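A.B. asks: pasting the structure only:
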């Protein structure tokens with residue numbers, strides 16, 4: 001997972017409410033077990049409409065999505081977060097998120113930013129012409145017009161995002177402590193590793209143990 005401290009650029013000024021995971025990535029895309037390529041299926045039903053925001057060249061490659069209340073509701077499919085990440089989304093701004101989606105987003109390096117509806121409305125307006133910046137160090141969302149909106153994020157999740165640590169990364173970061181613990185177990189509780197049982201086993205002349 002890539003570390004992220006700040007995201008700045010164009011944002012999709014969508015603002016749509018109650019977008020469920022089936023809209024983010026339709027069910028027929030769930031046959032894959034890899035994360036790559038899912039961006040092509042992201043918001044497929046929305047993209048089927050001519051003039052949709054996701055195919056607008058003004059927002060091509062935008063790293064930020066501005067959404068409405070209750071984003072990511074519906075099924076718990078992690079593919080929704082995979083699809084967003086594959087299309088280049090690094091931060092999603094909304095008044096609220098489904099808890100499961102929020103967790104999946106975090107695990108895939110996407111910042112779920114909760115802001116009041118008034119702030120979302122303003123950002124949708126600004127994003128139509130200008131850039132938006134999400135800063136994890138200052139915990140703010142800003143615009144070139146001196147707009148400054150603060151948000152909150154769990155301290156542990158914030159640290160993981162800024163250091164690029166997923167669950168595997170967190171485990172590897174504690175490799176020294178894990179190795180030290182395992183060495184202590186082998187020394188003081190050898191039966192847990194099978195060493196004592198192996199050492200106490202003998203074979204007589206008849207081949208009996």
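C.D. replies: Alright, I've got the coordinates. Remember, it's a predicted structure, so these values are computed and weren't measured experimentally.
A.B. asks: so where do the strands sit in the chain?
C.D. replies: For the chain, strands defined by DSSP state E occupy the ranges 6-9, 11-13, 64-66, 91-94, 111-114, 132-135, 140-142, 148-150.
A.B. asks: Minimum distance to residue 58: which of those has it?
C.D. replies: Ranking the strands of the chain by proximity to residue 58 (Cβ to Cβ) places strand 11-13 first, at 9.7 Å. Every C-beta, even on glycine, is put in place using the N, C-alpha and C of the backbone.
A.B. asks: Can you give the contact residues for the closest one?
C.D. replies: The contact list for strand 11-13, computed with Cβ atoms under 8 Å, 6 or more residues apart in numbering, reads 53-54, 59, 62-66, 93, 123-125, 127-128, 131-132.
A.B. asks: For that strand, which strands pair with it and how are they oriented?
C.D. replies: With DSSP bridges as the test, strand 11-13 is paired with strand 64-66 (parallel).
A.B. asks: Tell me how far stretch 13-29 lies from the chain's centre.
C.D. replies: With Cα atoms, centre = their mean, to the nearest Å as the basis, stretch 13-29 stands 16 Å off its chain's centre.
A.B. asks: mind checking the backbone torsions on the residue nearest to residue 85 when sequence neighbours are not counted?
C.D. replies: Among residues not flanking residue 85 along the chain, residue 108 sits closest, at 5.1 Å (Cβ to Cβ, 6 or more residues apart in numbering). According to degrees, to the nearest 10, the main-chain angles of residue 108 amount to phi -110, psi 20.
A.B. asks: measure residue 108 to residue 92 for me?
C.D. replies: Separation of residue 108 from residue 92 (Cβ to Cβ, to the nearest Å) stands at 11 Å.
A.B. asks: Now for residue 150: which residues touch it?
C.D. replies: Here residue 150 is in contact with 139-140 (criterion: Cβ under 8 Å, 6+ apart).
A.B. asks: and it, what pLDDT?
C.D. replies: The predicted structure scores residue 150 at 98 on the pLDDT scale.
A.B. asks: what pairs with it across the strands?
C.D. replies: Here residue 150, judged by DSSP bridges, has bridge partners residue 140.
A.B. asks: Now do stretch 9-25, average pLDDT.
C.D. replies: Averaged across stretch 9-25, pLDDT comes to 98.
A.B. asks: And this protein, split by domain according to the record?
C.D. replies: The chain breaks down by automatic domain parsing into domains covering 6-165, 171-200.
A.B. asks: Deepest-packed of the ones you listed, please.
C.D. replies: A comparison of the domains of the chain by mean neighbour count, using mean count of other Cβ atoms under 10 Å, puts domain 6-165 on top with a mean of 18.
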